[in-house]
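*Asks:* below is the sequence, then the predicted model.
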Amino acid sequence: MKSMQPTLINFATFQAIGLFNGRVTISKTGIVHTSRAICETCGSVCNFNGSSNKGTHILSKSTNSFFRNGQQRCQICNRTIQVENKWLDELHDSLNQYIISQVLSLSENLSEYEIVEHFERTMSIKISKSAIHNIIDKSNDEFENIEFEYQIQDNYYGYDEQYLTIDGKKAYRLAIFDLKENKLIYEKIHYNFSKEILKQILREVFGDTKPKGFVVDMRLEYPNAFKEVFGKKVKIQFCVFHLNKLILKEYQDSLKLGKSVAWSLMDYYNMYNLFNIFYNRTFELKQLKKLMKNFENFKKNLTIEKVNFYVNKYKLKIKELEKQKEKVIEIIQKKLMKSFRIILHDKKNLRKRRGQNLVVRPINSAKQQFTKIYAKKSIFPKKIQKRIEKIKENFEYFIASEGVILTNNKLEGFFGATLKKFRKKIRKSLLSFSALLKRRRARQEGFTYFRRFTIFEIAKIFSAIDFFV
């Protein structure tokens, strides 16, 4: 048999795929042979005798390469012997595992069709949609019965629901999150949901253990459901972040003019007074006061000459002086509001760099702030007045944790990281979607559910493929 020999051209490839260790010999026709076998029947040395297969592998059609396993023949016994070839088996396995790892990793964010396109577009690899589907389907079956371990402690837990559409059906993604340990302890998809189902889940997860309390959004049925399971002493904290999002949305709705929102510096100031109830937002209020003072001074000192200057600067096509003046004032106010948003952004980034959070107000301070707000609630839009009334009715739920934890931000962050808003409508089966969530959770908790490859291992795989083309 004539075998391939290293040359100056293929020397690096010989070395990369391990052909210098003597484990295998490759014939000129591309058949991979091991050392000559000994016939178990007569003890004679066998001869090489072609290959036992066509050598197809998962990328054969894409790369026109074939890994053909050599077979041998005993001339004395006149029988063919199939020889085990660990080198070739390892290469096949590595290639298959590499493709599986890529498919499963991509499946977290791409559909099966998009994965097919990704392989062809980025690596010129053609894999059928059915092959992709089978890889994902097998992983789904393996993940179906996986349960993650957790330990219940005397902590505050976040509870939340995410509304989904799975293959056209309404579904609920329920999650319970340990806010101290920053760890998810329960996550499941339900097609049906009610107060009784929630109570059943709480009993299943917590058993006889009574946690310190829960942070929830502001649905009024939550307190009763949790207290019926854990007793009246369990603390139910309404999420202040959720409250502030509602305030922002209701303010925007109240100030809408067509498709735009007609904000003013005074609206910003009034809204941040509401944000100032449970968190100390004194810095933001001081900044707004400065900007409002500058704005009033600007309006007071706005002469005809200055109006003309700004008309030319902003290339306004309005001819009436009063309307020009109104437009200039509007532009300047928008610029001041933009400068405030920049200040907010910079302040937020500074807190992140320093590992700081917003300062929580002591209970008495929060009560004092709310009393001031309530006394002048008539200055707010109607929707906000109704929100202030609801805060008053449920005030004890906003201070239940006594400042220990006010938000479900960690759980909201987990939802955001594992299921982006634009993917809330998903054409997947319940099994497939549940497995997807479990794979993401496994990755977040440091578990590996597919083989990770180094750059050198990838180079070896594709060098071998290139060698057999």
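*Replies:* Good, I have the coordinates.
*Asks:* going forward, measure contacts and count neighbours with C-alpha atoms only.
*Replies:* Noted.
*Asks:* and stretch 39-50, which residues are buried?
*Replies:* 39, 46-50 (16 or more other C-alpha atoms under 10 Å).
*Asks:* whoops, I mixed them up, stretch 349-367
*Replies:* By neighbour count on 16+ other C-alpha under 10 Å, the buried set for stretch 349-367 is 360-361, 363, 366-367.
*Asks:* any low-confidence regions in the stretch 1-150 of the chain?
*Replies:* Along the stretch 1-150 of the chain, segments meeting pLDDT under 70 span 1, 144-148.
*Asks:* just to revisit the earlier point, among the buried residues of stretch 349-367, which two are most distant?
*Replies:* Farthest-apart pair in the buried residues of stretch 349-367 is 360 and 367; separation 12.6 Å (C-alpha to C-alpha).
*Asks:* related to what we said a few turns ago, of all the buried residues of stretch 39-50, which comes closest to residue 187?
*Replies:* Ranked by distance to residue 187 (C-alpha to C-alpha), the buried residues of stretch 39-50 are led by residue 50 at 55.0 Å.
*Asks:* would you confirm that that closest one contacts residue 72?
*Replies:* Yes: assessed by C-alpha atoms under 8 Å, residue 50 is found in contact with residue 72 at 7.4 Å.
*Asks:* list the contacts of stretch 235-249.
*Replies:* 212-218, 223, 226, 271, 275, 278, 384, 387, 397-401, 406-409 (C-alpha atoms under 8 Å, 6 or more residues apart in numbering).
*Asks:* strands - which of these land there?
*Replies:* Members of these lying in strands (criterion: DSSP state E): 213-216.
*Asks:* okay if I get those residues as TSV plus neighbour count and pLDDT?
*Replies:* Formatted as TSV, those follow (neighbours: other C-alpha atoms under 10 Å; pLDDT from 0 to 100):
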residue	neighbour count	pLDDT
213	21	94
214	28	95
215	29	94
216	23	93
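*Asks:* among these, which one lies nearest to residue 313?
*Replies:* Of all these, residue 313 sits closest to residue 216, with 50.7 Å by C-alpha to C-alpha.
*Asks:* next up, the contacts around that closest one.
*Replies:* 158-160, 222, 236-239, 408.
*Asks:* quick check: residue 131 is in a helix.
*Replies:* Yes: inclusion of residue 131 in a helix is indicated when DSSP: H, G, I helix; E, B strand; the rest coil is applied.
*Asks:* from residue 138, how far off is it?
*Replies:* Between residue 131 and residue 138 the distance, using C-alpha to C-alpha, to the nearest Å, works out to 11 Å.
*Asks:* compare those two (neighbour count), which wins?
*Replies:* Neighbour count, other C-alpha atoms under 10 Å: between residue 131 and residue 138, residue 131 has more, with 14 against 10.
*Asks:* now, the buried residues of stretch 39-50 that are in strands?
*Replies:* Applying DSSP E to the buried residues of stretch 39-50, the entries found in strands are 47-50.
*Asks:* so where do the strands sit in the protein?
*Replies:* 25-26, 31-33, 47-51, 68-74, 79-82, 156-166, 169-178, 183-190, 213-216, 235-238, 256-257, 260-261, 425-426.
*Asks:* okay if I get those strands as a markdown table plus distance to residue 460?
*Replies:* Shown next, in a markdown table, are the strands of the chain (distance: least, C-alpha to C-alpha, whole Å):
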| stretch | distance to residue 460 |
| --- | --- |
| strand 25-26 | 16 |
| strand 31-33 | 16 |
| strand 47-51 | 23 |
| strand 68-74 | 18 |
| strand 79-82 | 26 |
| strand 156-166 | 41 |
| strand 169-178 | 42 |
| strand 183-190 | 38 |
| strand 213-216 | 51 |
| strand 235-238 | 55 |
| strand 256-257 | 61 |
| strand 260-261 | 58 |
| strand 425-426 | 38 |
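*Asks:* got the domain ranges for the protein?
*Replies:* Per automatic domain parsing, the structural domains of the chain span 1-109+449-469, 156-238+407-444, 240-398.
*Asks:* for residue 120, find the nearest of those.
*Replies:* Of all the domains of the chain, domain 1-109+449-469 sits nearest to residue 120, with 9.0 Å by C-alpha to C-alpha.
*Asks:* now the helices for the stretch 1-150 of the chain?
*Replies:* For the stretch 1-150 of the chain, the helices defined by DSSP state H, counting those that start in this stretch occupy 11-16, 60-63, 86-106, 112-123, 129-143.
*Asks:* try the stretch 251-400 of the chain
*Replies:* 265-275, 282-300, 304-313, 321-354, 363-375, 382-393, 395-398.
*Asks:* of the ones you listed, which is nearest residue 206?
*Replies:* In terms of C-alpha to C-alpha, the element of the helices of the stretch 251-400 of the chain nearest to residue 206 is helix 395-398, at 21.9 Å.
*Asks:* ranking the strands of the chain by burial, who's on top?
*Replies:* Of all these, strand 235-238 carries the top mean neighbour count, a mean of 27, counting by mean count of other C-alpha atoms under 10 Å.
*Asks:* give me the mean pLDDT for it.
*Replies:* The average of the pLDDT scores along strand 235-238 is 94.
*Asks:* in its sheet, what does it sit against?
*Replies:* With DSSP bridges as the test, strand 235-238 is paired with strand 213-216 (parallel).
*Asks:* distance from the partner strand to the middle of the chain?
*Replies:* Its chain's C-alpha centre and that of strand 213-216 lie 23 Å apart, by C-alpha atoms, centre = their mean, to the nearest Å.
*Asks:* stretch 158-172 now?
*Replies:* 16 Å.
*Asks:* now the end-to-end length of it.
*Replies:* 16 Å.
*Asks:* just the pLDDT at the spatially closest residue to residue 382 that is not a sequence neighbour, thanks.
*Replies:* Distances taken as C-alpha to C-alpha, 6 or more residues apart in numbering put residue 254 closest to residue 382, at 7.8 Å, once the chain neighbours are dropped. Residue 254 is assigned 95 on the pLDDT scale.
*Asks:* if I look at residue 254, how far off is residue 47?
*Replies:* Residue 254 sits 88 Å away from residue 47, going by C-alpha to C-alpha.
*Asks:* what do you get for residue 345?
*Replies:* Between residue 345 and residue 47 the computed distance is 76 Å (C-alpha to C-alpha).
*Asks:* do residue 168 as well
*Replies:* From residue 168 over to residue 47 the distance is 62 Å, taken as C-alpha to C-alpha.
*Asks:* ok, now residue 411?
*Replies:* Separation of residue 411 from residue 47 (C-alpha to C-alpha) stands at 66 Å.
*Asks:* cool, and residue 267?
*Replies:* 90 Å.
*Asks:* residues contacting the residue of the chain positioned farthest from its centre?
*Replies:* Distance to the chain centre peaks in the chain at residue 76, reaching 64.8 Å (criterion: C-alpha atoms, centre = their mean). Applying C-alpha under 8 Å, 6+ apart to residue 76 gives the contacts 42, 44.
*Asks:* please tell me how far it sits from residue 363.
*Replies:* Counting by C-alpha to C-alpha, the gap from residue 76 to residue 363 is 96 Å.
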